[in-house]
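Trainee: Here is my input, please return the structure:
(one chain, ligands or ions: 1)
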Amino acid sequence: MEPVTVVLAELVERHRADTAGDVARYIPELARADPHAFGLAMVSVQGHAYQAGDAAAAFTIQSVSKPFVYSLALSELGLAEVARRVGFEPSGEPFNAISLEAGTGRPANPLINAGAIVTTALIGGDGEAAFERIRDTLSGFAGRRLTVDEDVYRSEAATGDRNRALAYLTLSQGVLERPAQQACDVYFRQCAIEVTAVDLAVMGATLANGGRNPVTGRRVVDADAAGATLSVMATCGMYDHSGEWMLRVGLPAKSGVGGGVCAVSPGQFGVGVFSPPLDPQGNSVRASAVLRELSAELGLHVLRHTERARSPLQAVRTDHGAHHLELLGDLGFAAAEEIVHCVRRLARDQPRPLVTVDLSHVTAVRPIARRLLADCAAGLRARTTVRFVDPAGLVRRPSTDRSDTPGERAERAE
Ligand code: DON
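Mentor: Numbering: from 1, shown residues only. Now for the predicted structure:
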């Protein structure tokens, strides 16, 4: 199996047994969700896609729609106009809280329900046109035409009195730009859009890639809107769990009561997870656990220390059918993924060539990168010979040796 896929499949298997939490029931139709469904997907900003478990299962996007609609509003109106109606401070409160700023009446941020309804109401046109604009944008993020789960839409429309109350409150504060019932109707439809974990990963990868979908190559929103959206996801995406999330997972993310979570490694990856049982904050239990582990194992925390953040492929040369890859820098997960992809492509283009991977100029190899490179070489053994030029012994070291860099090893030897 492809090495990145193996890592994702292992994560899914490790967390399958975690049966804590319960599916959302306050929207009656969501109570029918399968608590065992569990999918994980990852898409790089180069457009490489990986998945494990039920990554192709459909569910309603719910609150994961909010950051994407916010980015559309930012693209259409600019940050200053949007900020007159909705703030960007973490509320520290549940998603359905009455959280309006004293003085301005603005909802605290666009990711709690009050702020999301105000944001949705900023999208131009009548109700129908506004919804189609939202659907088109979310489809652009996902790279395919998204549909609505009509049963979930009707179920929420029939029961969503708290959201209607929030809409009327914001209307009374002068920050809601359309009639409250119409704003809620568009918002309920937006929440009932059906996606898969793969869709969420592509959507996240589009934000990671500055607003251009890396799979379709199409720009969906401008880079400023994508960046502002990631900032708000980083501080407010997991509601009253946002602080701990940033500490432990360290990725901008958004959850939904359908069981979906979209997380973003800026400039690198989008990740989509689906598992319906939720914790008391309304965040998927398995998704939170799997993302915490994925972030740690793959070294994706946005505030982690890195020595270098550029392509590890210094040069790729081909002489008489033999390929030579010269690598550079600190090899973490993203670097290893890029190298593995390159080696596999070279091996596919020309069966039985020699691929030399030169680590002479590499400063560090993180454990996940060492593993992916070794698995890649092992997996291709039948088709090609992958040879490492590894003078510092960075890849071929016993697994008990936990140090990563020549410097760390020298320090330890003293
Ligand atoms: O407005 C609601 O209550 C739902 N349509 C969406 C809430 C939601 O997904 C909260 N996120 N975890």
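
Trainee: Need the pLDDT of residue 397.
Mentor: On the pLDDT scale, residue 397 is placed at 63.

Trainee: do the same with the one 3 residues further on
Mentor: The model reports residue 400 with a pLDDT of 39.

Trainee: ok, residue 340 - contacts?
Mentor: 3-4, 372-373, 376 (Cβ atoms under 8 Å, 6 or more residues apart in numbering). C-beta here means a position set from N, CA and C on the backbone, and glycine is covered the same way.

Trainee: Drop anything exposed from those.
Mentor: 3-4, 372-373, 376 (16 or more other Cβ atoms under 10 Å).

Trainee: so which two of the residues you listed are the farthest from each other?
Mentor: 4 and 373 (11.9 Å; Cβ to Cβ).

Trainee: And the most centrally placed residue in the chain, how far from residue 223?
Mentor: By Cα atoms, centre = their mean, the chain has its centre lying nearest to residue 263, at 2.6 Å. Note on residue 263: its distance to residue 223, by Cβ to Cβ, to the nearest Å, is 19 Å.

Trainee: Give the helix, strand or coil label for the residue nearest to residue 28 when sequence neighbours are not counted.
Mentor: Nearest residue to residue 28, sequence neighbours excluded (Cβ to Cβ, 6 or more residues apart in numbering): residue 155, at 5.1 Å. Put simply, residue 155 is helix when judged by DSSP: H, G, I helix; E, B strand; the rest coil.

Trainee: so how far is residue 113 from residue 155?
Mentor: Counting by Cβ to Cβ, the gap from residue 155 to residue 113 is 16 Å.

Trainee: Look at the two and report which has more neighbours.
Mentor: residue 113 (24 against 20; other Cβ atoms under 10 Å).

Trainee: counting contacts, what elements does the biggest strand by length in the chain pack onto?
Mentor: For the chain, the strand that runs over the most residues, judged by DSSP state E, is strand 354-365. Judged by 3 or more Cβ pairs under 8 Å, 6 or more residues apart in numbering; DSSP states H and E, the packing partners of strand 354-365 are strand 322-331, helix 333-349, strand 385-389.

Trainee: Tell me the buried residues in stretch 216-223?
Mentor: So stretch 216-223, judged by 16+ other Cβ under 10 Å, has buried residues 216, 219-222.

Trainee: again with stretch 191-209
Mentor: Result for stretch 191-209 [16+ other Cβ under 10 Å]: buried residues 191-193, 195-209.

Trainee: hang on, the earlier thing: in TSV: the contacts of residue 340, plus pLDDT, distance to residue 269 and secondary structure.
Mentor: Shown next, in TSV, are the contacts of residue 340 (pLDDT from 0 to 100; distance: Cβ to Cβ, whole Å; DSSP: H, G, I helix; E, B strand; the rest coil):
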residue	pLDDT	distance to residue 269	secondary structure
3	96	15	helix
4	97	10	helix
372	97	14	helix
373	97	18	helix
376	96	18	helix
